[in-house]
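S.K.: Give the three-dimensional model of this entry:
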Amino acid sequence: MTSKIFFFKILKALKKAFLIFLGLLLVYFLLAFLLSFCSTKPEQIRCESETRVYLLTNGIHLDIVLHRDQVEKIYRDQIKDAENFEYLAFGWGDKGFYLETPTWAELKLSTAFKAVLWKSPTAMHVTKYPVRRKDFVEINLCEKQLQQLKAFIFETFEKDAEDLFKEIPDSGYTPRDHFYEAKGSYNAILTCNQWVNNALKAAQVKTAIWSPTDHGVLYHRK
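M.R.: This is a model prediction of the structure:
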């Protein structure tokens, strides 16, 4: 009898924990939906000339794309073959997810849950493109905004004692991309797309208040 009562208590506790988890999940997605469509109100900047940067999505993950000439030589020299490509795309994310999931077909549930539910180490993914792609999403910036955007991006790189990027050995999906150690921890609140959203906020660009998905960020570029 005692063991039966204990079993039902455990079952009741598990049911309660499951309902709490579902409730938190519902709140998370509701806030993500609402705050993705609520825009920031950055200070208006008057500029004499504009420059153009881009966003690129694979349908889930966003990168920020800069023309090679917009990247200072001190940084280009630390990115393999950067001088041979026109565009450099920067994306921040969970290190384990990046390195263990070269394609979506290789995604493991354990990797996904670890990335979302635990604070985990991060990496910067740099991809090079020879020409401008048709799916690049344009953003026009003043020079001041461009400098703020770049400062945010390059401050995210983890650097060694000589202030150089720390490349992750033998990483990259193709000869055109490489991974570097990055600052910060990935979690359900600070996702790869929210990193891009924060970068746009730093550059005083109108964007979502909070958007863990690419859709919320791209919505404000329409």
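S.K.: okay, CA-based contacts and neighbour counts for the rest of this
M.R.: OK.
S.K.: in the protein, which helix or strand is least confident?
M.R.: helix 109-117 (a mean of 53; mean pLDDT, DSSP states H and E).
S.K.: Now stretch 211-222: buried residues?
M.R.: Using 16 or more other C-alpha atoms under 10 Å as the burial criterion, the residues of stretch 211-222 that qualify are 211-218, 220.
S.K.: measure that stretch end to end?
M.R.: End-to-end distance for stretch 211-222: 16 Å, by C-alpha to C-alpha, to the nearest Å.
S.K.: Beyond the longest helix along the chain, next helix or strand please.
M.R.: Looking across the chain with DSSP state H, the single longest helix is helix 2-37. The helix or strand immediately downstream of helix 2-37 is strand 50-57, counting by DSSP states H and E.
S.K.: next helix or strand past that next one?
M.R.: Next along from strand 50-57, by DSSP H and E: strand 62-67.
S.K.: Tell me the buried residues in whichever helix or strand comes after that next one?
M.R.: Note on strand 62-67: by DSSP H and E, the next helix or strand toward the C-terminus is helix 73-76. Residues of helix 73-76 classed as buried: Arg76 (neighbour count, 16+ other C-alpha under 10 Å).
S.K.: quick check: mean pLDDT across helix 73-76?
M.R.: For helix 73-76, the mean pLDDT works out to 96.
S.K.: State the distance from the most centrally placed residue in the chain to Tyr75.
M.R.: Nearest to the mean C-alpha position of the chain, counting by C-alpha atoms, centre = their mean, stands Cys192 at 2.1 Å. Applying C-alpha to C-alpha, the value for Cys192 to Tyr75 is 21 Å.
S.K.: Ok, Thr207 next?
M.R.: 27 Å.
S.K.: okay, whichever strand or helix holds Glu181 in PDB with CA atoms only?
M.R.: Here Glu181 sits within strand 177-186, counting by DSSP H and E. Taking Å, rounded to 0.1, in the frame of the first residue of the first chain, the C-alpha atoms of strand 177-186 are listed here in PDB:
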ATOM      1  CA  ASP A 177      33.600  29.100 -44.000                       C
ATOM      2  CA  HIS A 178      35.400  28.900 -40.700                       C
ATOM      3  CA  PHE A 179      34.500  29.000 -37.000                       C
ATOM      4  CA  TYR A 180      36.000  31.200 -34.300                       C
ATOM      5  CA  GLU A 181      35.600  31.200 -30.500                       C
ATOM      6  CA  ALA A 182      33.100  33.800 -29.400                       C
ATOM      7  CA  LYS A 183      32.000  35.600 -26.200                       C
ATOM      8  CA  GLY A 184      28.700  35.000 -24.500                       C
ATOM      9  CA  SER A 185      26.400  32.000 -23.800                       C
ATOM     10  CA  TYR A 186      23.700  30.700 -26.000                       C
END
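S.K.: and the helix or strand just after that strand, what's its mean pLDDT?
M.R.: Counting by DSSP H and E, the next helix or strand C-terminal to strand 177-186 is helix 192-202. For helix 192-202, mean pLDDT rounds to 97.
S.K.: any idea whether Pro175 is helix, strand or coil?
M.R.: coil (DSSP: H, G, I helix; E, B strand; the rest coil).
S.K.: Domain map for this structure?
M.R.: 1-37, 40-219 (automatic domain parsing).
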